[in-house]
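# model this:
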Amino acid sequence: AATGVHINIEWKGRDIKTLIGPALDAGEKVDFFDTDYMINAQQNGKYLADLTDMAAAAGYEEHALPILVENVKSWADGKLTVIPYQPYTTGVWYDKAMFENAGITETPTTWDEFLNVCEQLKASGVNAITCNSDGVSLLYGYQLARYIGQDKVLETLDNATWSEVPEAKQAADDIRSLFEKGYMSEYAPAQYPDGQNEIGFGESCMILNASWIPNEIVQNTGAEVDWGFFPWPSVEGGVDGAEAAMVGAQGFGIVDKSEYKQEAFDFIMTLATGEYDLKMAEAVSSIPADTDNTQWPAAVMGAEPYFKNMTKTYQWAVGLENNATYKDTLLDCLGKLVKLEMTSQELVDTMTAAK
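Below is the predicted model:
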């Protein structure tokens, strides 16, 4: 209404990740699209226009989270090809009422403290923690990174040096123990979104996932949850702690062949900054993208202090899903590990032999 520019929107959901490339290769006319900002910059870069000049003219970077812009440029040879919006952070989201009912007064910061919390929750009659089927790589990735850091995780994955990294087995032992001790829901890992919905239905208390989780659970179950948050705990002898977390965003890219780049960019700025960025954050309980919008929605507010003090950024699943050569093998091993069909040593041996 404000501009006279009309936009036809096709909603593809999560399938956009696999559909957009073939559509553009086939010559379908698309002016702009969005998906995970890293996927857009890394996998779809050949389709995208360089937005550096338009962003500079609009003063975009005055409003943007620096880490997100820096990441995009690092993935695109210094160019700004993606405009991040709806940023997310990751950690443990939990039902505060369940903590209170179990007599838990403080959130855990170490692995031993986390196990104690799990034991208290189990004793209170709820599942301490749950996960979706796509959450196992998050659990293992976080735990391994707490021991050795993301760079070493990626090095271990890419070079298949699992047998040379004792922490790889230890991290697998740790995650496996959550299932062995009955801290994890008996249905986990459940198909998305059944695992996470257990929190809305009052069956489970905690989940390691991104900051879109509270809104999804509320939308799926209609529950009114008083959400708490804490970073994944540190481990004894490890290198990373609360200062390190998975951080990312959705990201808009404009197709380089589009005849309407400026119009598309102007619309994207309307969503990624200012009044409508704040309205979107409030509507879906997400983190505002515009740094001028400082008030976070109540459902995700617990993550704000940690977000501000974060100095290390992890990729999704700490990069464990990045290497196409090993991804399927690793996900299969992790699935068997948490179903107690594979030992930690067998996981390490299988991944080493996969080279």
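# mind jotting down where the strands sit in this protein?
Taking DSSP state E as the criterion, the chain carries its strands at 32-36, 83-95, 127-130, 204-210, 227-230, 244-254, 312-314.
# against which helices or strands is the fourth one packed?
In other words, strand 204-210. The contact analysis (3 or more CB pairs under 8 Å, 6 or more residues apart in numbering; DSSP states H and E) places strand 204-210 against strand 83-95, strand 127-130, helix 136-148, helix 194-200. Placement of C-beta: from N, CA and C, glycine included.
# give the contact list for residue 138.
Residues near residue 138 by CB atoms under 8 Å, 6 or more residues apart in numbering: 90, 131, 208-209, 246, 316-317.
# one more: residue 212?
Residue 212 is in contact with 86, 88, 284, 286, counting by CB under 8 Å, 6+ apart.
# which two from the residues you listed end up farthest apart in space?
Greatest spatial distance among the contacts of residue 212 (CB to CB): 88 and 284, at 11.2 Å.
# those two: who's more crowded?
residue 88 (22 against 16; other CB atoms under 10 Å).
# partners of the more buried one in the sheet?
Residue 88 has the following beta-bridge partners by DSSP bridges: residue 248.
# pLDDT score for it?
Per-residue confidence at residue 88 stands at 95 (pLDDT).
# is it true that it touches residue 288?
No: Residue 88 is beyond contact range of residue 288, at 11.7 Å (criterion: CB atoms under 8 Å).
# so where's the stretch 201-350 of the chain uncertain?
The stretch 201-350 of the chain contains no residues with pLDDT under 70.
# before we move on, the earlier item: turn the strands of the chain into CSV, columns for distance to residue 349.
Below are the strands of the chain laid out as CSV (distance: least, CB to CB, whole Å):
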stretch, distance to residue 349
strand 32-36, 32
strand 83-95, 29
strand 127-130, 27
strand 204-210, 26
strand 227-230, 34
strand 244-254, 28
strand 312-314, 26
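# the closest residue to residue 243 other than its chain neighbours: neighbour count?
Leaving aside its chain neighbours, residue 243 sits nearest to residue 311 (4.7 Å; criterion: CB to CB, 6 or more residues apart in numbering). Using other CB under 10 Å, residue 311 has 9 other residues around it.
# and the one 5 residues further on, by the same measure?
Per other CB under 10 Å, the neighbour tally for residue 316 reads 20.
# contacting residues for the most centrally placed residue in the chain?
Centroid check for the chain by CA atoms, centre = their mean gives residue 210 as the closest residue, at 4.4 Å. Going by CB under 8 Å, 6+ apart, residue 210 touches 88-90, 246, 248.
# pLDDT wise, what is the residue nearest to residue 139 when sequence neighbours are not counted at?
Closest residue in space to residue 139, ignoring its immediate chain neighbours: residue 175 at 5.1 Å, by CB to CB, 6+ apart. pLDDT recorded at residue 175 is 98.
# which ones are touching residue 175?
Residues in contact with residue 175, defined by CB under 8 Å, 6+ apart, are 136, 139-140, 143, 337-338.
# and what of residue 269?
58, 60, 83.
# counting neighbours, which of the residues you listed comes out on top?
Ranking the contacts of residue 269 using other CB under 10 Å puts residue 83 first, with 30 neighbours.
# surely it touches residue 51?
Yes: here residue 83 reaches residue 51: they are 6.6 Å apart, a contact under CB under 8 Å.
# find residues that contact each of the two.
Shared contacts of residue 83 and residue 51 (CB under 8 Å, 6+ apart): residue 265.
# please name the nearest non-neighbouring residue to residue 213.
Using CB to CB, 6+ apart, the closest residue to residue 213 is residue 93 (5.3 Å).
# so who does that neighbour touch?
Counted by CB under 8 Å, 6+ apart, residue 93 has contacts 199, 206-207, 209, 211, 213-214, 227-229.
# report pLDDT for residue 76.
So, for residue 76, pLDDT stands at 96.
# residue 297 contacts residue 282, correct?
Yes: Residue 297 lies in contact with residue 282 (CB under 8 Å); the separation is 5.7 Å.
# return the residues in contact with residue 182.
Neighbouring residues of residue 182 by CB under 8 Å, 6+ apart: residue 122.
# what is the burial count for residue 340?
10.
# I'd say it and residue 177 touch.
No: proximity of residue 340 to residue 177 does not meet the contact threshold set by CB under 8 Å, at 10.6 Å.
# tell me the spacing between the closest residue to residue 172 other than its chain neighbours and residue 184.
Excluding its sequence neighbours, the residue lying closest to residue 172 (CB to CB, 6+ apart) is residue 344, at 3.6 Å. To residue 184, residue 344 is 16 Å away according to CB to CB, to the nearest Å.
# tally up the residues packed near the residue nearest to residue 336 when sequence neighbours are not counted, please.
Of all residues not flanking residue 336 in the chain, residue 342 sits nearest, at 3.7 Å (CB to CB, 6+ apart). Neighbour count for residue 342, taken as other CB under 10 Å: 19.
# over to residue 286?
25.
# for it, which non-adjacent residue is closest in space?
Nearest one to residue 286, counting by CB to CB, 6+ apart, is residue 86 at 5.1 Å.
# list the residues that contact the one you found.
Residue 86 makes contact with 212, 249-250, 280-281, 284, 286-287, 289, according to CB under 8 Å, 6+ apart.
# one more time with 7 Å, if that's ok
When contacts are counted by CB atoms under 7 Å, 6 or more residues apart in numbering, residue 86 is found next to 249-250, 280, 286, 289.
# out of these, grab the one that's most surrounded.
That'd be residue 249 among the contacts of residue 86, by other CB under 10 Å, with 28 neighbours.
# what sits closest to it if chain neighbours are left out?
If you skip the residues right next to it in sequence, residue 249 has residue 84 as its closest partner in space, 3.7 Å away by CB to CB, 6+ apart.
# brilliant, that's me finished.
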